[in-house]
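>>> For reference, the sequence and a predicted model appear below.
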Amino acid sequence: MTVRIDHLVTSGTFSLDGGTWDVDNNVWIVGDDSEAIVIDAAHDAAAIEDALGGRTLRAIVCTHAHNDHIDAAPALAAATGAPVLLHHDDLPLWKQTYPEQIPDGELTDGSTLTVAGTTLTVLHTPGHAPGAVCLYAPELSSVFTGDTLFQGGPGATGRSFSHFPTIIDSIRDRLLGLPPETVVRTGHGDTTTIGAEAPQLAEWIQRGH
């Protein structure tokens, strides 16, 4: 069966450092007609389960642990039996939302996930959050970047656990070397490509100082 990428937008709130904001999140589902993984279970577990359409869910992958990217993960895991996976450096953020539980497994740099015969490689890309990761699927010419890279620039670094020079290093060293035609599937907003974003690196660095 042919692997495909399904896209769902869910709405809710993001809370950190005493503030709360309304947000729309991209939820990505990678798989075929029989199995799938979910990247960033945001806000609405029922909607995500409905989008799965009865497929076996192999994993719930968290690109990072800001609450808007994980707030539906435990409920989706309970409904499907799928493990929740997170990089261990984001456990302090995770525990702000779920102090009494931990994810089911760890994402590590260079590790791989396979679904529907397609391999996704974990790239540790700290900066927006200490344990932020991207998932690179060369067979799909796609990289799922969470909040590390958006159309038009890097993710925000103005709040706790974030660091602008680190996110720039992550984007430059881990992402901009991917093929320019690689589609960047973001945590919020529209998709872009590596080729469209790479020329702006110098501008981002100047803007951040």
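The structure has been received and is ready for your questions. All of these numbers come straight from a predicted model, not from anything done at the bench.

>>> where are the low-confidence patches of the chain?
1, 208-209 (pLDDT under 70).

>>> all helices for it, in order.
Along the chain, the stretches classed as helices by DSSP state H are 45-52, 67-70, 73-80, 91-97, 164-170, 194-197, 201-207.

>>> Of those, which is nearest Thr186?
For Thr186, the closest of the helices of the chain is helix 194-197, at 10.5 Å, according to Cβ to Cβ. Glycine gets a C-beta too; all of them are placed from N, C-alpha and C.

>>> And the closest one, what does it pack against?
Packing contacts for helix 194-197, counted by 3 or more Cβ pairs under 8 Å, 6 or more residues apart in numbering; DSSP states H and E, involve no helix or strand.

>>> Please convert the helices of the chain to JSON lines, extending it with distance to Leu8 and mean neighbour count.
Formatted as JSON lines, the helices of the chain follow (distance: least, Cβ to Cβ, whole Å; neighbours: other Cβ atoms under 10 Å):
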{"stretch": "helix 45-52", "distance to Leu8": "5", "mean neighbour count": "18"}
{"stretch": "helix 67-70", "distance to Leu8": "13", "mean neighbour count": "25"}
{"stretch": "helix 73-80", "distance to Leu8": "12", "mean neighbour count": "19"}
{"stretch": "helix 91-97", "distance to Leu8": "20", "mean neighbour count": "17"}
{"stretch": "helix 164-170", "distance to Leu8": "26", "mean neighbour count": "19"}
{"stretch": "helix 194-197", "distance to Leu8": "23", "mean neighbour count": "18"}
{"stretch": "helix 201-207", "distance to Leu8": "29", "mean neighbour count": "12"}
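
>>> Of these, give the one that comes closest to Thr13.
That would be helix 67-70 among these, by Cβ to Cβ, at 6.8 Å.

>>> can you list the helices of the chain in JSON lines and add distance to Leu149?
Listed next are these as JSON lines, based on distance: least, Cβ to Cβ, whole Å:
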{"stretch": "helix 45-52", "distance to Leu149": "23"}
{"stretch": "helix 67-70", "distance to Leu149": "15"}
{"stretch": "helix 73-80", "distance to Leu149": "22"}
{"stretch": "helix 91-97", "distance to Leu149": "19"}
{"stretch": "helix 164-170", "distance to Leu149": "9"}
{"stretch": "helix 194-197", "distance to Leu149": "6"}
{"stretch": "helix 201-207", "distance to Leu149": "10"}
